[in-house]
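# predicted model and sequence below, questions to follow.
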Amino acid sequence: MGSQRLRHYRNRFNKQKSSIPHTMGTRPTEIRDEQTGFIHHPAGFPIECKRLWFGDQDSSADQGQSEIGLIFDSEKYIKPGATIEITIPLRNEIEKFRGKVVLVRHNGDYYEIGMWLRRQADASRARIVEQICHIESYLKDKKFREGPYVINRERVAEEWISKYASSVPSL
């Protein structure tokens, strides 16, 4: 059974290897979902999700819903319509976003969860946070491919911006 699982992951990785901007993890990291226009959170980058119940919901959450959505991978199914809070650890800080689940796609081993951000004020912050996440993933991939001693963080960030920043949805 273990060798069958290993073969499955190896085949999955090899099939997707050619179409990737950067791959950290077992699948390609696209920046923008083609169907929804939502921003993809990079696979393999830490993210936590918790469901908010009635007492946890923000009463001002529906004022000025954003035009930006996020998609992330989850091992657990989350029902559409659920209010959730995601947390992303980023450079010694925790970024939190609340939203409503509007999309669930089952992809074999995991679910892709799409959420609308609840506040317009979170949209620009989410764009920046996700770009940083993608740049960090790109940096890790470059270190893996080219070696840790040849990488200049600023050069890699500029390279990512010139190649991929235009695909991040604008406000």
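Good, I have the coordinates.

# state the distance from residue 117 to residue 32.
Distance, residue 117 to residue 32, by C-beta to C-beta, to the nearest Å: 15 Å. In short, each C-beta sits where N, CA and C put it, glycine included.

# so which of the two has more stuff around it?
The neighbour comparison of residue 117 against residue 32 (other C-beta atoms under 10 Å) goes to residue 117, with 24 against 16.

# and the pLDDT for the more buried one?
For residue 117, the model assigns a pLDDT of 90.

# with residue 32 instead?
pLDDT, read off for residue 32, is 80.

# try the one 4 residues further on
What the model reports for residue 36 is a pLDDT of 82.

# what about it, distance to residue 151?
Applying C-beta to C-beta to residue 36 and residue 151 gives a distance of 33 Å.

# ok, residue 71 - contacts?
By C-beta atoms under 8 Å, 6 or more residues apart in numbering, residue 71 lies in contact with 33, 36, 38, 39, 40, 41, 103, 112, 113, 114, 115.

# inside helices: which ones of those?
Within these, no residue falls in helices by DSSP state H.

# surely residue 117 meets residue 97?
Yes: contact criterion C-beta atoms under 8 Å: residue 117 and residue 97 qualify, at 5.8 Å.

# shared neighbours, these two?
Common neighbours of residue 117 and residue 97 (C-beta under 8 Å, 6+ apart) are 70, 126.

# quick one, longest strand in the protein?
strand 93-107 (DSSP state E).

# name the helices or strands packed onto that one?
Packing partners of strand 93-107 (3 or more C-beta pairs under 8 Å, 6 or more residues apart in numbering; DSSP states H and E): strand 69-74, strand 83-90, strand 110-117, helix 120-146.

# what distance separates that strand from the centre of its chain?
Using C-alpha atoms, centre = their mean, to the nearest Å, the mean C-alpha position of strand 93-107 is found 9 Å from that of the whole chain.

# who touches it?
Counting by C-beta under 8 Å, 6+ apart, 36, 38, 52, 58, 61, 69-71, 77-89, 111-119, 122, 125-126, 129 sit against strand 93-107.

# quick one: buried residues of that strand?
Neighbour counts using 16 or more other C-beta atoms under 10 Å place 95, 97, 98, 99, 100, 101, 103 of strand 93-107 among the buried residues.

# excluding its backbone neighbours, what's nearest the residue most central in space within the chain?
Geometric centre of the chain, nearest residue: residue 41, 0.6 Å, by C-alpha atoms, centre = their mean. Spatial nearest neighbour of residue 41, excluding adjacent residues (C-beta to C-beta, 6 or more residues apart in numbering): residue 72 at 3.9 Å.

# so the residue nearest to the centre of the chain sits right up against residue 136, yeah?
No: applying C-beta under 8 Å as the test, residue 41 and residue 136 come out as separate, 11.7 Å apart.
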